[in-house]
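Student: how does the following fold in three dimensions:
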Amino acid sequence: FVDNFLLPPQDQFDPSYGAWERCNNLVHSWILNFVSLSIAQSITYFEYAFEVCQELCEIFSQGIFVRFTNLQ
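Tutor: Down below sits the predicted model:
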């Protein structure tokens, strides 16, 4: 889920689709409850957990760069 390695089944009638969707929702929900409210508001509307992780990586990598340049 997090690294987009486990893609969703293409057919929603596939027996594994329900399990995949439940796991995706669980991971997505966990991430939303783990981050601060301001960050959660910016990632609420993503459908897949890996999209949330990509967005978080982008958000935090920018912050690290900004802090690093401020130190110099």
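Student: low pLDDT regions in this protein?
Tutor: Flagging of the chain using pLDDT under 70 yields the residue ranges 1-6, 63-72.
Student: tell me who's in contact with the residue nearest to residue 20 when sequence neighbours are not counted.
Tutor: Leaving aside its chain neighbours, residue 20 sits nearest to residue 8 (5.3 Å; criterion: C-beta to C-beta, 6 or more residues apart in numbering). Placement of C-beta: from N, CA and C, glycine included. Residues counted as contacts of residue 8 (C-beta atoms under 8 Å, 6 or more residues apart in numbering) are 17, 20, 21, 24, 48.
Student: in stretch 22-31, what's buried?
Tutor: 24, 27, 28, 31 (16 or more other C-beta atoms under 10 Å).
Student: the spatially most central residue of the chain is in what secondary structure piece?
Tutor: Residue closest to the average C-alpha location in the chain (C-alpha atoms, centre = their mean): residue 52, at 2.0 Å. Using DSSP states H and E, residue 52 sits in helix 49-71.
Student: cool, and residue 17?
Tutor: Here residue 17 sits within helix 15-34, counting by DSSP H and E.
Student: one step back: now render the buried residues of stretch 22-31 as JSON lines, adding distance to residue 39.
Tutor: Shown next, in JSON lines, are the buried residues of stretch 22-31 (distance: C-beta to C-beta, whole Å):
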{"residue": "24", "distance to residue 39": "19"}
{"residue": "27", "distance to residue 39": "16"}
{"residue": "28", "distance to residue 39": "14"}
{"residue": "31", "distance to residue 39": "9"}
